[in-house]
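Q: Here's my sequence, what's the structure:
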Amino acid sequence: MLKSTCQNKKYAEEVIEECATAWKNLVSGNVPDSKGISLVNTTLKNSTAFVTDAGIPEASPKPAAPIDKSVDKWFFISGSA
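A: Numbering: from 1, shown residues only. Okay, the predicted model is just below:
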């Protein structure tokens, strides 16, 4: 069983920095073994796996469906207990 403990701000900042550095190294290709993780992306232009078209279809959002009046109700709680 894992035991969790509270840590201070310095510890949290170190963990965040370590994760950010690991992520930057991964997406830039500076990791010798990426364990099969696909790095193909359409947003990180400086990464080695940047592609302009990943075969993702364009979004075609549909108009919002009407809300049934039986669920479109407002309830108010007035006063305090």
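Q: in this protein, which residue is closest to the centre?
A: W23 (12.8 Å; Cα atoms, centre = their mean).
Q: would you list every one of the helices in this protein?
A: 9-27 (DSSP state H).
Q: Name the residues that touch stretch 13-30?
A: Here stretch 13-30 makes contact (Cβ atoms under 8 Å, 6 or more residues apart in numbering) with 31, 34, 37, 39, 41, 44, 46-49. Using the backbone N, CA and C atoms, a C-beta is placed for each residue, glycine as well.
Q: tell me how far it is from the chain's mean position?
A: 15 Å (Cα atoms, centre = their mean, to the nearest Å).
Q: Flag every buried residue along it.
A: Across stretch 13-30, burial judged by 16 or more other Cβ atoms under 10 Å covers V27.
Q: repeat for stretch 31-50
A: S47.
Q: Please tell me how far V15 sits from D33.
A: Plainly put, V15 is 23 Å away from D33 if you go by Cβ to Cβ, to the nearest Å.
Q: Pull out the buried residues from stretch 55-65.
A: Result for stretch 55-65 [16+ other Cβ under 10 Å]: no buried residues.
Q: low-confidence ranges in the protein?
A: 1-2, 34, 54, 80-81 (pLDDT under 70).
Q: ok, 80 please
A: Applying pLDDT under 80 to the chain flags the ranges 1-4, 27-36, 44-48, 53-59, 72-81.
Q: Would you pull up how far stretch 9-25 lies from the middle of the chain?
A: For stretch 9-25, the distance to the chain centre is 16 Å (Cα atoms, centre = their mean).
Q: I misspoke; the intended subject was stretch 21-31.
A: For stretch 21-31, the distance to the chain centre is 17 Å (Cα atoms, centre = their mean).
Q: Stretch 72-81 now?
A: 35 Å.
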